[in-house]
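Engineer: just the structure for this:
(one chain, ligands or ions: 2)
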Amino acid sequence: MAVRYELIKTCKQTGARLGKLHTPHGTIDTPVFMPVGTQATVKTMSPEELKAIGAGIILSNTYHLFLRPGHEIVREAGGLHGFMNWDRAILTDSGGFQVFSLSNLRKITEEGVSFRSHLNGEKLFIGPEEATQIQNALGADIFMAFDECAPYPAEYDYVKKSMERTTRWAERCLKAHTRPNEQALFGIVQGGMFNDLRAQSARDLVSMDFPGYAIGGLSVGEPFPLMYEVLEHTVPLLPTSKARYLMGVGSPDALIDGAIRGIDMFDCVLPTRIARNGTCMTSQGRLVIRNAKYARDFTPLDPNCDCYTCKNYTRAYIRHLVKSEETFGIRLTTYHNLHFLVKLMEQVRQAIAEDRLQDFRDQFFAQYGLGED
Ligand SMILES: Cc1ccc(CCc2c3nc[nH]c3cc3c(=O)[nH]c(N)nc23)cc1
Ligand SMILES: [Zn+2]
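Structural biologist: Numbering: from 1, shown residues only. Ligands and ions are numbered 1, 2, ... in the order given. Below is the predicted model of the structure:
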């Protein structure tokens, strides 16, 4: 079996689970935050730094690597692991979502999606078979079925047709998958914000017995309460013995609230994306380092952090680097933000182990400056 989820325990205070995700490239403790490395790199970080931070699994992207450098080059390099010199786990997304969020002029048919490259306007096509073949070439330990992430908001009838087509596409991905013992294909539950469609999608995908399940179609602009409501209806329909990956989530508070609702895996572009404009996640909330008040602040980004950045550099220095557009500056903010989320998930796992995740949530939200919901 390529990937096996091991349930260790369920938190008595919440629905959160402590687990282990066994992969051919190492075992990952869950709930886990997965850094995003869209173009075969987690921006500005070396593999050694990612290991020092404690990252056990990173994400990459079918759409981007298909366009550039091309999946055949990555295959010849020994897959993504060889290409980027990363010997821990990798998960790739199937590209459908990125076609919709990046390229213009696209057309969906039963076959798949025609679109123009956002790089050079070239007409391209990806369907379930192509997405599966590309991900087989990339060699990720976990890869995603080809799906359509319905926009938000969307009409019931559109979402129903889209979800049913996504289910047919999932079947086609299973048929096209050539190395089930080396790579785990996860099904992606769709169904928009409609609980009956979510139930139909979950039921149909579970009947295909995927090694793990993602919940897609969320974190697409809907209000958080609506996302949590959909989660509360969808997660219970998934097998407890399989991992659950909530796609595109998210912010520190959403990682905690997602874990409470039984999610094991999260991806999020936030820590790396906001780091590039000098915004840092700290235990007291977000800190915008460009702010003039930090010009003479010779304390670390986060007084409660023990990461490389916080042990060796001050807010004044990092502010200077970021304002001077010195790339070392965003390397330091990226390192800290990634460490912050990896550390947060360690605290979440510890809280689950001690049946006190709800208490941890309340204390974190108060400190992080989040209003009570
Ligand atoms: C490298 C990488 C970046 C991003 C992602 C997740 C991207 C992502 C979503 N992001 C926010 N909401 C999302 C929903 C979906 C979805 O429904 N399906 C798929 N395949 N991906 C989604 C995966 C990998
Ligand atoms: Zn730090």
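Engineer: contacts and neighbour counts: CA atoms only from here.
Structural biologist: Will do.
Engineer: what about the residue lying closest to Glu111 once chain neighbours are set aside, distance to ligand 1?
Structural biologist: Leaving aside its chain neighbours, Glu111 sits nearest to Gly127 (5.9 Å; criterion: C-alpha to C-alpha, 6 or more residues apart in numbering). Noted for Gly127: a distance of 13 Å to ligand 1, by C-alpha to the nearest ligand atom, to the nearest Å.
Engineer: ok, Cys149 next?
Structural biologist: 4 Å.
Engineer: show me where the stretch 1-150 of the chain has its strands.
Structural biologist: For the stretch 1-150 of the chain, strands defined by DSSP state E, counting those that start in this stretch occupy the ranges 4-10, 17-23, 26-30, 32-35, 57-61, 89-93, 107-108, 113-116, 123-126, 142-144.
Engineer: could these go into CSV alongside mean neighbour count, mean pLDDT and distance to ligand 2?
Structural biologist: Below are the strands of the stretch 1-150 of the chain laid out as CSV (neighbours: other C-alpha atoms under 10 Å; pLDDT from 0 to 100; distance: least, C-alpha to the ion, whole Å):
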stretch, mean neighbour count, mean pLDDT, distance to ligand 2
strand 4-10, 16, 98, 30
strand 17-23, 21, 98, 25
strand 26-30, 19, 98, 21
strand 32-35, 26, 98, 16
strand 57-61, 24, 97, 20
strand 89-93, 24, 98, 24
strand 107-108, 13, 93, 44
strand 113-116, 19, 94, 41
strand 123-126, 16, 96, 40
strand 142-144, 26, 98, 30
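Engineer: and His320, what element?
Structural biologist: His320 belongs to helix 315-323 when assigned by DSSP states H and E.
Engineer: just how off-centre is the lowest-mean-pLDDT helix or strand in the chain within its chain?
Structural biologist: None of the helices or strands of the chain scores lower by mean pLDDT, DSSP states H and E than helix 96-102, at a mean of 88. In terms of C-alpha atoms, centre = their mean, to the nearest Å, the centre of helix 96-102 is found 15 Å from the chain centre.
Engineer: elements contacting it?
Structural biologist: helix 62-67 (3 or more C-alpha pairs under 8 Å, 6 or more residues apart in numbering; DSSP states H and E).
Engineer: the helix it packs on - what's its average pLDDT?
Structural biologist: Average pLDDT, helix 62-67: 97.
Engineer: mind listing residues that contact that helix?
Structural biologist: Outside helix 62-67, the residues that touch it by C-alpha atoms under 8 Å, 6 or more residues apart in numbering are 38-40, 71, 92-96, 98-99, 117, 119, 131, 134-135.
Engineer: same thing with stretch 237-251?
Structural biologist: By C-alpha under 8 Å, 6+ apart, the list of residues contacting stretch 237-251 reads 4-7, 21, 199, 202-203, 206, 211-219, 235, 255, 258, 262-270.
Engineer: how far does stretch 300-312 stretch from start to finish?
Structural biologist: Stretch 300-312 has an end-to-end distance of 8 Å (C-alpha to C-alpha, to the nearest Å).
Engineer: how about the nearest residue to the residue of the stretch 251-373 of the chain found nearest ligand 1, chain neighbours excluded?
Structural biologist: Ligand 1 sits closest to Asp267 of the stretch 251-373 of the chain, with a gap of 6.5 Å, by C-alpha to the nearest ligand atom. In this structure, Asp267 finds its nearest non-sequential neighbour in Met34, 4.8 Å apart by C-alpha to C-alpha, 6+ apart.
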